[in-house]
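1. Got a predicted model here, sequence first, then my questions.
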Amino acid sequence: MAKSSALYFLFFLIGGNKMIAEAKHCHTTWDCTTLDRCWDDCKSRYGGRGLCDVIPPPASPKQCFCYYEC
């Protein structure tokens, strides 16, 4: 009984802390001019990582995809 209680407690410490510490990830987009500008804007506005489209869809502007913790 004590052995299984210790295992459950250990699982709670490991699993419980992980669930509490996980942050929700959000994203937003806007028109992209350059990769450096996208990276800098995302970092300054949201504290995240921004990447520009490599190959945008036809008749669409390049988009900056910004991923951050919200």
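-> That came through, no problem.

2. secondary structure class for Cys42?
-> Under DSSP: H, G, I helix; E, B strand; the rest coil, Cys42 falls in the helix class.

3. let me fix that: Trp39
-> helix.

4. That one: what's it in contact with?
-> 49-51 (C-beta atoms under 8 Å, 6 or more residues apart in numbering). Any C-beta I mention is one placed from the backbone N, CA and C, and that applies to glycine too.

5. Swap in 7 Å and give it another go.
-> Gly50 (C-beta atoms under 7 Å, 6 or more residues apart in numbering).

6. Same check on Gly48?
-> So Gly48 contacts 42, 66-68 (C-beta under 7 Å, 6+ apart).

7. Got a quick PyMOL command for the buried subset of the residues you listed?
-> Buried subset of the contacts of Gly48, written as a PyMOL selection, criterion 16 or more other C-beta atoms under 10 Å:
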select buried, resi 42+66+68
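
8. in its sheet, what does the host helix or strand of His27 sit against?
-> For His27, the element it lies in under DSSP states H and E is strand 25-31. In the sheet, strand 25-31 lines up against strand 63-69 (antiparallel) (DSSP bridges).

9. Need the contact partners of the partner strand.
-> Here strand 63-69 has contacts from 23-32, 38, 41-42, 46-53, 56, using C-beta under 7 Å, 6+ apart.

10. could you dump the contacts of Gly48 to TSV with distance to Ser60 and pLDDT?
-> Below are the contacts of Gly48 laid out as TSV (distance: C-beta to C-beta, whole Å; pLDDT from 0 to 100):
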residue	distance to Ser60	pLDDT
Cys42	19	95
Cys66	17	96
Tyr67	20	95
Tyr68	23	95
